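**Student:** fold the following, please.
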Amino acid sequence: VALSGGWDNCVKVWDWKDSLAYARTLTGHTDRVEGVALDAAGGRAVTASRDCSVRVWDVLKGRQLSSIYTYDSLSCMAGAWDTGCAVVGARSGAVNFWSLDTGKKAHSLKGHVEEVTCLCLMAGAGSGEAVWVSGGADANVRVWDVRAGRTVSLMSGCERKVLALAAVDYTLWAG
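**Tutor:** Below is the predicted model of the structure:
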C-alpha cells in the first residue's frame, strides 16, 4: 500500500501489488493534507492537514479511527510508531508530538520563527535516543533534544527555506 495526500483535502490509497493502482480515497480533512505516515505492519496511517487536525486511519478498511484537533495549522509530519506519536510541524514554527492513544500533546519544541517545512528522524545518533531534526521556512535546520525540549544544534547556512531532510547513520542532508 502507498499513500498520497493533496490539495484536494483527501488521502489516496494505492495498491502497491498492482503497479500502484488506485484503491480508495480517505475523506475527512477540510483543508489540504500536508503529511502522511504509514504503519505497514498494522495497516494504519496518520495524516496531518492545514485544517489543524491529525487523523488516524484504518487503511485496509478505508475508515477513520480517530481525530486530534491540534489548534495549529500543520505543514508537515512524520510518524513515530514506536513511541505512539505523530510528530508534526506547524505553520507557527513549532514541532509537536501528539499521542495517538490519548490525543494529547506529549512534547512541544519551539525555535523556528517561520513554519516548519520538513522533519526527519536520526535514530540514535550515538546517544541511544531518537534525535529529531526539523527544517523551516526560516532557512534553519534544528537538531532537537526532545526530552529537554531544546535545540542542540542549529544549522543556518541555507539561503532559502529548507524543504527536505534525509539522514543515514551520522550524516544529515538538507535541501
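
**Student:** then stretch 72-90 to CSV, C-alphas only?
**Tutor:** Included here for stretch 72-90 are C-alpha records, laid out as CSV according to Å, rounded to 0.1, in the frame of the first residue of the first chain:
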residue,chain,number,x,y,z
ASP,A,72,-2.4,24.8,14.9
SER,A,73,-2.3,24.6,11.1
LEU,A,74,0.0,21.8,10.2
SER,A,75,2.7,21.9,7.4
CYS,A,76,4.4,18.5,7.6
MET,A,77,4.6,15.3,9.7
ALA,A,78,6.4,12.1,10.4
GLY,A,79,5.1,9.0,12.2
ALA,A,80,6.9,7.7,15.3
TRP,A,81,5.0,4.5,15.6
ASP,A,82,7.4,3.0,18.2
THR,A,83,6.5,5.9,20.5
GLY,A,84,2.9,6.1,19.6
CYS,A,85,3.2,9.7,18.4
ALA,A,86,2.6,11.7,15.4
VAL,A,87,5.3,14.3,15.0
VAL,A,88,4.0,17.4,13.2
GLY,A,89,5.5,20.6,12.0
ALA,A,90,3.3,23.7,12.3
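
**Student:** report the rounded mean pLDDT for it.
**Tutor:** Across stretch 72-90, pLDDT averages out at 90.

**Student:** show me the shaky parts of the chain.
**Tutor:** Applying pLDDT under 70 to the chain flags residues 40, 42, 123-129.

**Student:** report the contact partners of the spatially most central residue of it.
**Tutor:** Centroid-nearest residue in the chain, with Cα atoms, centre = their mean: Met77, separated by 1.2 Å. For Met77, the contacting residues are 34-37, 46-48, 54, 86-89, 119, by Cβ atoms under 8 Å, 6 or more residues apart in numbering. Every residue, glycine included, has its C-beta placed from N, CA and C.
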